[in-house]
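> sequence and computational prediction follow.
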Amino acid sequence: MLTREQHERAACILVDADKAHRQATQLSTTFPEITIEDSYLISSLVHTRRVEAGAKLIGHKIGLTSKAMQASSQIEEPDFGYLLDSMLLEDGAKVKFADFCVPRVELELAFVLSKPLAGPGIGLLDVLRATEYVVPSIEIIDARVLNPRRITDTVADNGAAAGIVIGGRPVGPAEVDLRWVGGIMYRNGEIEETGLAAGVLGHPARAIAWLANKVGRFGTVLQPGHIMLSGSFIRPVFAQKGDTLQGDFGPLGSVAVQFV
């Protein structure tokens, strides 16, 4: 593993890249011996710095939840990152394109908890019982390091989390079969991607169970009121200045964001 000094240096690289809106050299290039464990420690350091600067933790994001994405990243499980109040945007929000490095958007279902989830031992039904509602969302992702990226780069970079837009119609977890929730991503009125939520580990609630069990080993509990992004069921769509991206979730409504 890397030394504590290297962890701190890597965290500084990511923080500076985020502030400058300019991608840095891959951490896997700067620190060739970096491991997944190092990456999670670096992500935690960056998160701690942001909280100390005044940000508030409002939940977590889960990524790499499809078999295709796991295969492309040469891993066998998802990854996770932190969601902060500064990332939460209103439906239809206008965001500055210049505030990002290379923004992309994904369609996801967001779970909002009514009860705590403490792993290990959490299963799909435990998640459904602990969920107050599920709501459509667009996640804005923004890699703070250059391509080609390895999984160690992505994990250290908080899973590339940059923003979350929530909209549409919240539903109780038993109101619909969440596997069959579909989404259409439009860019400026043209369809870019489509998908089904079943693409997330067969059922999006399984992603939340995975997260609860993953962080539960370290004593972390998923808290009531927190937002859990279950993972994208479409390929990321690049955003350019002037683009309006809209996610149509059918009966669950739609959610949109504009880059200006």
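Structure's in. What do you need? Residues are numbered from 1 along each chain as shown.

> contacts and neighbour counts: CA atoms only from here.
OK.

> now the end-to-end length of stretch 99-116.
Terminal residues of stretch 99-116 lie 34 Å apart, using Cα to Cα, to the nearest Å.

> make 12 the starting number, not 1.
From this message on, residue numbering opens at 12, which makes the last subject stretch 110-127.

> helix/strand/coil for the residue nearest to the spatial centre of the chain?
Here the mean C-alpha position of the chain is nearest to the C-alpha of K72 (Cα atoms, centre = their mean), at a distance of 3.6 Å. When classified by DSSP: H, G, I helix; E, B strand; the rest coil, K72 comes out as strand.

> around V187, how many other residues sit close by?
Look at V187: counted by other Cα atoms under 10 Å, it has 13 neighbours.

> surely the residue nearest to the centre of the chain meets G242?
Yes. The pair K72 / G242 is scored as a contact, 7.1 Å apart, by Cα atoms under 8 Å.

> okay, and the beta partners of the residue nearest to the centre of the chain?
Under DSSP bridges, the beta-bridge partners of K72 are G92, L240.

> cool, I195 as well?
T205, D259.

> that one and G130: what is the separation?
I195 is 33 Å from G130, by Cα to Cα.

> residues in contact with the residue nearest to the centre of the chain?
By Cα atoms under 8 Å, 6 or more residues apart in numbering, the residues touching K72 are F91, G92, Y93, L94, G170, A172, M239, L240, S241, G242.

> equivalent analysis for R155, please.
Listed by Cα under 8 Å, 6+ apart, the contact set of R155 reads L25, A28, D29, H32, R33, Q34, A35, C112, D168, A171.

> tell me who's in contact with S97.
Applying Cα under 8 Å, 6+ apart, one finds that S97 lies in contact with A66, K67, G174.

> wasn't it part of a helix?
Yes. According to three-state DSSP, the state of S97 is that of a helix.

> so where is this structure shaky, pLDDT-wise?
Along the chain, segments meeting pLDDT under 70 span 79-85.

> and the contacts of R155 as CSV, adding neighbour count and distance to M98?
Below are those laid out as CSV (neighbours: other Cα atoms under 10 Å; distance: Cα to Cα, whole Å):
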residue, neighbour count, distance to M98
L25, 26, 16
A28, 19, 17
D29, 21, 13
H32, 18, 15
R33, 18, 18
Q34, 20, 19
A35, 19, 21
C112, 21, 15
D168, 29, 15
A171, 24, 12
